[in-house]
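*Asks:* Here's my sequence, what's the structure:
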Amino acid sequence: MIKPIKIGALAIAGALALAACSSSSSAGGKTLVVGTDLPLQGASADASKSTNEVIALVLEQAGGKAGKFNVTVKQYDDSTAAKGAWDDAACAKNAQDHVANVDEVAVLGTYNSGCAKIIIPVVNQAGMLMVSHANTYPGLTVPWDKGEPDLYYPSGSRNYARIIGNDAFQGTAAAQFLYNEQGVKTLAVLDDTQAYGIGIADAVQKEFEKLGGTVLRYSWDIKAGAINTSTFQKIKAGGATAVYYGGIFDNNGVQLVKDKTSVLGDNKAFLSMSPDGFSGYPALRAMPEAEGLWMTFAGKSLDGIKKGGGAPAKFVADYTAKYGYEPNSSYSIYGGVAMQVILKAIAASDGTRKGVLGAVFGGKQLCLTAAESVSGMGFCLNQQTGDIDSVTMTLQQMTGGVETDIKTLDIAK
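*Replies:* Reported below is the predicted structural model:
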């Protein structure tokens, strides 16, 4: 019997017994399933739709196969219409549904780190591979908060990998840019009270204070339409000259940016900066208040991929020709990279969950070359942590409603 584990106040039931059968038996002539787990409703819906389309195109261009195995994709929605974003209960249900689908050998996702916290332990107990294209909260793979990351791996072995750099790097890059290049000495750092937001805000604060700066730390009210002008009044009184939004735009981001502008002025008068949690949102791009917003993206941006030419740029062109528009978000392309990793793991396996997992966390190290990757970025996965062995960080600024690349910084881990 697999015992249930508990994360915070949410008890997550153990993996179903039938999962063991799938893990140990041969896949035979079955079509293997990869489950994508994304928020298909709310502010992230467009980006998730594009991500699923990129994944479908990667699979189509692979001939619907990985090695000798036929592969198909099953889409899971971890959001609700009522919340308009990822939802704890939806994530918990999806975790059990992934395990219950005996033909499913890997999970691709999640987009939100808070949802990953819920799903990882359940699929870990079932011995399923999970690969995220967008989770950047450090504690999922490395020591960060109390008990992390071990509390997510009740089996005692790793099953989770991500093909994007974690927020320890993104936070460091943002803090150094603000302090060293923009001359900010007192910074207001806001978080959205969720795992990703707190993690990136903590990383920015730690590095900024290490450099000698002063941080004013607050949380913003994420309820839809909630007003945060009082927080910005405190920031103004505290002498800060810049504000950092540690969180995701889904969480009342429109009102937050409007409130900042109404109290502190536009981004010429009072600098603002965000992480990649604000990347890929048409609503943000359309806001005049967002003009001049500095941003970081934990990878090579869509703009950078296109300008880089070669096979990755051709893939973007193929996507555009197939669907009639470009990928909605840079993270959509990274969904394709995650799919490439999973397909490579399946091809190297015997078609069972155990075999697919072992192709990443056992035996030969799994790598994707720059020539193979639809992002144009090559890497190998660390078999102890599941993290990539190099990180590319892109600095962007919102100009004319476009997330414009300013420069790229490669960081060796």
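*Asks:* so is L409 in a helix, a strand, or just coil?
*Replies:* Under DSSP: H, G, I helix; E, B strand; the rest coil, the three-state class of L409 is strand.
*Asks:* and what of V374?
*Replies:* Here V374 is coil, with the state taken from three-state DSSP.
*Asks:* Where do the domain boundaries of this protein fall?
*Replies:* Listed domain ranges for the chain are 29-165+310-393, 167-297 (source: automatic domain parsing).
*Asks:* would JSON lines of these with mean neighbour count, distance to K407 and mean pLDDT be doable?
*Replies:* Bear in mind the C-beta positions are built from the backbone N, C-alpha and C, glycine included. Formatted as JSON lines, the domains of the chain follow (neighbours: other Cβ atoms under 10 Å; distance: least, Cβ to Cβ, whole Å; pLDDT from 0 to 100):
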{"stretch": "domain 29-165+310-393", "mean neighbour count": "21", "distance to K407": "9", "mean pLDDT": "96"}
{"stretch": "domain 167-297", "mean neighbour count": "20", "distance to K407": "10", "mean pLDDT": "96"}
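*Asks:* Would you mind saying which of these lies nearest D405?
*Replies:* Shortest distance between D405 and those, using Cβ to Cβ, is found for domain 167-297: 8.7 Å.
*Asks:* Now distance to G304 too, for the domains of the chain, in a markdown table please.
*Replies:* Formatted as a markdown table, the domains of the chain follow (distance: least, Cβ to Cβ, whole Å):
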| stretch | distance to G304 |
| --- | --- |
| domain 29-165+310-393 | 8 |
| domain 167-297 | 9 |
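*Asks:* Show me the helices in the stretch 251-400 of the chain, by range?
*Replies:* Assigned helices in the stretch 251-400 of the chain, in chain order: 253-264, 282-285, 302-308, 310-323, 330-347, 353-358 (criterion: DSSP state H, counting those that start in this stretch).
*Asks:* quick one, which of the ones you listed is nearest to L395?
*Replies:* Nearest of the helices of the stretch 251-400 of the chain to L395, taken as Cβ to Cβ: helix 302-308 at 10.8 Å.
*Asks:* got the contact list for stretch 173-185?
*Replies:* Residues outside stretch 173-185 that contact it (Cβ atoms under 8 Å, 6 or more residues apart in numbering) are 187, 203-208, 210-214, 241-242, 244, 271, 273, 275, 294, 296, 393, 395, 409, 411.
*Asks:* quick revisit: of all the helices of the stretch 251-400 of the chain, which one is nearest R162?
*Replies:* Judging these by Cβ to Cβ, what sits closest to R162 is helix 330-347, at 8.1 Å.
*Asks:* Just the CA atoms of the closest one, as PDB, please.
*Replies:* What follows is helix 330-347 as a C-alpha-only set of coordinates in PDB (Å, rounded to 0.1, in the frame of the first residue of the first chain):
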ATOM      1  CA  SER A 330       7.900  32.100 -25.300                       C
ATOM      2  CA  TYR A 331       6.900  29.400 -22.800                       C
ATOM      3  CA  SER A 332       4.900  27.800 -25.600                       C
ATOM      4  CA  ILE A 333       8.100  26.900 -27.300                       C
ATOM      5  CA  TYR A 334       9.500  25.500 -24.100                       C
ATOM      6  CA  GLY A 335       6.500  23.200 -24.000                       C
ATOM      7  CA  GLY A 336       7.800  21.800 -27.200                       C
ATOM      8  CA  VAL A 337      11.300  21.300 -25.700                       C
ATOM      9  CA  ALA A 338       9.700  19.400 -22.800                       C
ATOM     10  CA  MET A 339       7.900  17.200 -25.200                       C
ATOM     11  CA  GLN A 340      11.200  16.500 -27.000                       C
ATOM     12  CA  VAL A 341      12.800  15.400 -23.700                       C
ATOM     13  CA  ILE A 342       9.800  13.100 -23.000                       C
ATOM     14  CA  LEU A 343       9.900  11.600 -26.500                       C
ATOM     15  CA  LYS A 344      13.600  11.000 -26.200                       C
ATOM     16  CA  ALA A 345      13.000   9.300 -22.800                       C
ATOM     17  CA  ILE A 346      10.300   7.100 -24.300                       C
ATOM     18  CA  ALA A 347      12.500   6.200 -27.300                       C
END
